[in-house]
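**Student:** pasting the structure only:
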């Protein structure tokens, strides 16, 4: 105990040293250089620093981002999925059952301190006057710069002992204050997850509100749908990603998955897709439904507040559809179509590849402006007709998830091992809700395993 | 470029804030009212920059999702150009020195300097990150002037073109106030394609009536919104600063 007290006093004194050195002696406003040093000193002060920074944010009208709502309704430094309680044993036990590979991949991640500026960035001189000296000072740890991390009374989803560890897929993101949207309903909640068996296929689907929308108080704009029909030997999986710079993004993606799923089932009554024209009809009619649905809605005031260089565009969403047999061992036929940057991936023996990727190549793009969307571009369609190979996992995903699957991504290795067999629903949700700095978009995944693994769920 | 090559990497958005620190920006009697019997009042545009630039970095630092992906550099120029803050994440900036003061306005040197540092910065970033297009926010109060004459276009435009034609496709956003001519701003800026398919120069000029120091302070404040919006929107999205208007090529 005494050791803790002494350590605490020393930390405070160490933090105060530059503050005292920089403090103005005559009450005048300190010069810029000193103000920066003062801020650094405050940041090193536990408790005081967090309160001061929070006060600064509030004084600046929220300060959590452009166009944010002023008052946080709830606060957490974890996204919602991480807050699902009570499944730690089950999730961890399942990971253990599958063997040590996923944990090893995750545990092998570099510690936050390894990502110091001077180690990772161009133009950074370790001993330059304009920046910190490096990790040795102890200031570069994300934990030490997060206000939440120095507020003991505030228990976050990450810190609750009953919660499972988040899946870390790289440098962990900094904590965000989570703001609720003005209206929350069950169908637009931050998280939706489901799963089960259809014939010889196990299905897992999850959608998660991204950290960017949590911070800005906007709702989830991704959506998924899964359709079957007792009279048809097919299953239909659909995902959509409403474009955040457009109006009514959430309504557009919701309508897209609902309409496309229904239209594809209707089309399958006359047989499976026989070429791009089959799909074109589905996407054109889906586009009409999106226009009709969003056209009946009142003006999107939230989108209006985002008006900057571009006025908020008309409703727009990506759309990806996958049709597979309920019994892939007997009928391996597989059909897919996509508009935009949502994708169909395949996972086989731990290796990922793209089954359907319609992103433009060449050039560096201009973000959302380059993405093809519905209802504007139903003809910017890419289709595939192929076979579902034995042992292959099919993954239909929006870019919030699919962008994180790459050659040098820890998530690629971790899920490549973990998804050899279907995880539990909550385990799947945790996987989709991985943590990786700069990956703040909504995420939606529908994954299909060619086996029925849900026969004895406890 | 194949987008698959960047899948799985952290995103990095490089932003360069280019500040004119030539004599007109800091010399009293140009924008700042001359001292009166009641004492001096007001600020020079340089004073406004001196206060606003650290505040911009501070705001970016505390904006969680922006600070993760934004990398920012401050470049100053007058008769020479220099990197005041090398490209770094906002949260890693610990101390800033005083902005330098210069005399003349050499566009050729600053565009050449930008081309050199952006090429080097982006080549290094690209090895480790999913690199987004760099954005250059160019703040200036006057046409280029070197020696005893206006710097001719054919002296600085080739350097500007060399910057714009880097493989990283930097976008140049020109903010002009004071005495700069709209035609100069339009030549400096790159263009963007609007949703209706038309292209427009990223050039903005001050409207009459707003003191330049106030304008500069507001402009830097607007860059915070612009950078945050660009990071979250995955592409450049500029908010038109208060007291300025978006130029249209005639």
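**Tutor:** Arrived safely, thanks for sending. Model, not experiment: these values are computed from the prediction.
**Student:** so residue B:139 bridges to which residues?
**Tutor:** Note on residue B:139: beta-bridge partners residue B:19, residue B:175, judged by DSSP bridges.
**Student:** report how many residues lie close to it.
**Tutor:** Using other C-beta atoms under 10 Å in any protein chain shown, residue B:139 has 22 neighbouring residues. All C-beta spots, glycine's among them, are computed from the backbone N, C-alpha and C.
**Student:** residue A:297 now?
**Tutor:** 12.
**Student:** doesn't residue A:256 make contact with residue A:293?
**Tutor:** No: between residue A:293 and residue A:256 there is no contact under C-beta atoms under 8 Å: 9.3 Å.
**Student:** show me where chain B has its helices.
**Tutor:** Secondary structure of chain B (DSSP state H): helices located at B:23-26, B:45-62, B:64-69, B:107-126, B:153-164, B:182-188, B:212-233.
**Student:** who's in contact with the first one?
**Tutor:** Which is helix B:23-26. B:30-31, B:44-47, B:49, B:78, B:101-104, B:141-142, B:178-179 (C-beta atoms under 8 Å, 6 or more residues apart in numbering or on different chains).
**Student:** adding mean neighbour count, mean pLDDT and distance to residue B:248, write the helices of chain B out as a markdown table.
**Tutor:** Formatted as a markdown table, the helices of chain B follow (neighbours: other C-beta atoms under 10 Å in any protein chain shown; pLDDT from 0 to 100; distance: least, C-beta to C-beta, whole Å):
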| stretch | mean neighbour count | mean pLDDT | distance to residue B:248 |
| --- | --- | --- | --- |
| helix B:23-26 | 23 | 92 | 26 |
| helix B:45-62 | 22 | 92 | 25 |
| helix B:64-69 | 25 | 91 | 30 |
| helix B:107-126 | 21 | 97 | 22 |
| helix B:153-164 | 17 | 97 | 20 |
| helix B:182-188 | 20 | 96 | 9 |
| helix B:212-233 | 24 | 87 | 19 |
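**Student:** show me where pLDDT drops low in the stretch 351-458 of chain A?
**Tutor:** Applying pLDDT under 70 to the stretch 351-458 of chain A picks out residues A:362-370.
**Student:** swap in chain A?
**Tutor:** In chain A, residues with pLDDT under 70: A:1-159, A:304-310, A:362-370.
**Student:** now do 50
**Tutor:** Residue ranges of chain A with pLDDT under 50: A:1, A:13, A:15-155, A:365-368.
**Student:** to residue A:299, which of the helices of chain B lies closest?
**Tutor:** helix B:212-233 (20.3 Å; C-beta to C-beta).
**Student:** show me what that closest one is packed up against.
**Tutor:** If contacts are counted by 3 or more C-beta pairs under 8 Å, 6 or more residues apart in numbering or on different chains; DSSP states H and E, helix B:212-233 sits against strand B:11-20, helix B:45-62, helix B:64-69, strand B:70-77, strand B:135-140.
**Student:** strands along the stretch 201-350 of chain A, start to end?
**Tutor:** Under the criterion DSSP state E, counting those that start in this stretch, the stretch 201-350 of chain A contains strands at A:201-208, A:222-228, A:234-241, A:319-325, A:333-339, A:343-348.
**Student:** quick check: which of the ones you listed is nearest to chain B?
**Tutor:** Proximity of these to chain B was assessed by C-beta to the nearest C-beta; the nearest stretch is strand A:343-348, lying at 9.6 Å.
**Student:** which helices and strands sit right next to the helix or strand just after the closest one?
**Tutor:** Next along the chain after strand A:343-348, taking DSSP states H and E as the criterion, comes strand A:351-357. Applying 3+ C-beta pairs under 8 Å, 6+ apart, one finds that strand A:351-357 makes contact with strand A:333-339, strand A:343-348, strand A:382-387, helix A:410-418.
**Student:** for these, give me JSON lines that also has mean neighbour count.
**Tutor:** Shown next, in JSON lines, are the helices and strands packed on strand A:351-357 (neighbours: other C-beta atoms under 10 Å in any protein chain shown):
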{"stretch": "strand A:333-339", "mean neighbour count": "24"}
{"stretch": "strand A:343-348", "mean neighbour count": "21"}
{"stretch": "strand A:382-387", "mean neighbour count": "16"}
{"stretch": "helix A:410-418", "mean neighbour count": "23"}
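**Student:** and those as JSON lines, adding distance to residue B:207?
**Tutor:** JSON lines is the format used below for the helices and strands packed on strand A:351-357 (distance: least, C-beta to C-beta, whole Å):
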{"stretch": "strand A:333-339", "distance to residue B:207": "41"}
{"stretch": "strand A:343-348", "distance to residue B:207": "46"}
{"stretch": "strand A:382-387", "distance to residue B:207": "46"}
{"stretch": "helix A:410-418", "distance to residue B:207": "49"}
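**Student:** wait, which of these is closest to residue A:279?
**Tutor:** That would be strand A:333-339 among the helices and strands packed on strand A:351-357, by C-beta to C-beta, at 4.2 Å.
**Student:** go through the strands of the stretch 201-350 of chain A and name the closest to residue B:240.
**Tutor:** That would be, of these and by C-beta to C-beta, strand A:234-241, which comes in at 28.1 Å.
**Student:** the closest one and chain B in contact?
**Tutor:** No: shown here: strand A:234-241 not in contact with chain B (C-beta under 8 Å from any C-beta of the partner chain), separated by at least 11.8 Å.
**Student:** in its sheet, which strands sit next to that strand, and in what direction?
**Tutor:** With DSSP bridges as the test, strand A:234-241 pairs up with strand A:222-228 (antiparallel), strand A:319-325 (antiparallel).
**Student:** for that strand, which positions count as buried?
**Tutor:** For strand A:234-241, burial by neighbour count (16 or more other C-beta atoms under 10 Å in any protein chain shown) applies to A:234-241.
**Student:** and which of the residues you listed is nearest residue B:114?
**Tutor:** residue A:241 (34.8 Å).
**Student:** which residues does stretch B:180-196 contact?
**Tutor:** Outside stretch B:180-196, the residues touching it (C-beta under 8 Å, 6+ apart) are A:309-310, A:313, A:366, A:369, B:107, B:138, B:140-144, B:153, B:157, B:160, B:164, B:170-174, B:176, B:199-205, B:236, B:247, B:249.
**Student:** go with 6 Å
**Tutor:** With contact meaning C-beta atoms under 6 Å, 6 or more residues apart in numbering or on different chains, stretch B:180-196 is reached by A:313, B:140, B:142-143, B:164, B:171-172, B:174, B:176, B:199, B:201-203, B:205, B:247, B:249.
**Student:** now the buried members of those.
**Tutor:** A:313, B:140, B:142-143, B:164, B:171-172, B:174, B:176, B:201-203, B:205, B:247.
**Student:** just put those residues in TSV and tack on distance to residue A:398.
**Tutor:** Converted to TSV, the buried ones among the contacts of stretch B:180-196 look like this (distance: C-beta to C-beta, whole Å):
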residue	distance to residue A:398
A:313	18
B:140	41
B:142	48
B:143	48
B:164	33
B:171	26
B:172	32
B:174	36
B:176	40
B:201	34
B:202	30
B:203	35
B:205	40
B:247	37
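**Student:** take the strands of the stretch 201-350 of chain A and write them to JSON lines, including distance to residue B:74.
**Tutor:** Formatted as JSON lines, these follow (distance: least, C-beta to C-beta, whole Å):
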{"stretch": "strand A:201-208", "distance to residue B:74": "36"}
{"stretch": "strand A:222-228", "distance to residue B:74": "37"}
{"stretch": "strand A:234-241", "distance to residue B:74": "35"}
{"stretch": "strand A:319-325", "distance to residue B:74": "42"}
{"stretch": "strand A:333-339", "distance to residue B:74": "41"}
{"stretch": "strand A:343-348", "distance to residue B:74": "38"}
